[in-house]
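Asker: structure, please.
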Amino acid sequence: MSYITNVNAGEGLIKIGSSLIPFVNKFPKNTKLYQLMNTKVT
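Answerer: Okay, the predicted model is just below:
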């Protein structure tokens with residue numbers, strides 16, 4: 001449960017078949033890739 005409660009943006013679980021894999025996906029905020037992938041409305 002620690003992987004899905006009180007996690008930061010860019011963290012969570014990926015389900016592949018019957019496996020759950022925790023991930024952390026951090027990008028520098030001053031990049032074009034971050035601007036394209038960001039889902040926050042500013």
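Asker: for residue 31, grab the count of nearby residues.
Answerer: Residue 31 has 10 neighbours, counted by other CB atoms under 10 Å. Placement of C-beta: from N, CA and C, glycine included.
Asker: state the distance from it to residue 21.
Answerer: According to CB to CB, to the nearest Å, residue 31 stands 25 Å off from residue 21.
Asker: show me the shaky parts of this protein.
Answerer: For the chain, applying pLDDT under 70 flags the ranges 42.
Asker: can we see that at 80?
Answerer: Residue ranges of the chain with pLDDT under 80: 1-4, 9, 27, 39-42.
Asker: find the centremost residue of it, please.
Answerer: Compute the mean C-alpha point of the chain, and by CA atoms, centre = their mean the closest residue is residue 10, 2.2 Å away.
Asker: residues in contact with it?
Answerer: By CB atoms under 8 Å, 6 or more residues apart in numbering, residue 10 lies in contact with 24, 25, 26, 27.
Asker: please enumerate the strands of the chain.
Answerer: Ranges of strands in the chain, per DSSP state E, are 11-16, 19-24.
Asker: can you give the distance from the last one to the centre of its chain?
Answerer: Which is strand 19-24. Here the centre of strand 19-24 is set off from its chain's centre by 10 Å, with CA atoms, centre = their mean, to the nearest Å.
Asker: what residues of that strand count as buried?
Answerer: Of the residues in strand 19-24, none count as buried by neighbour count, 16 or more other CB atoms under 10 Å.
Asker: perfect, I'm done here.
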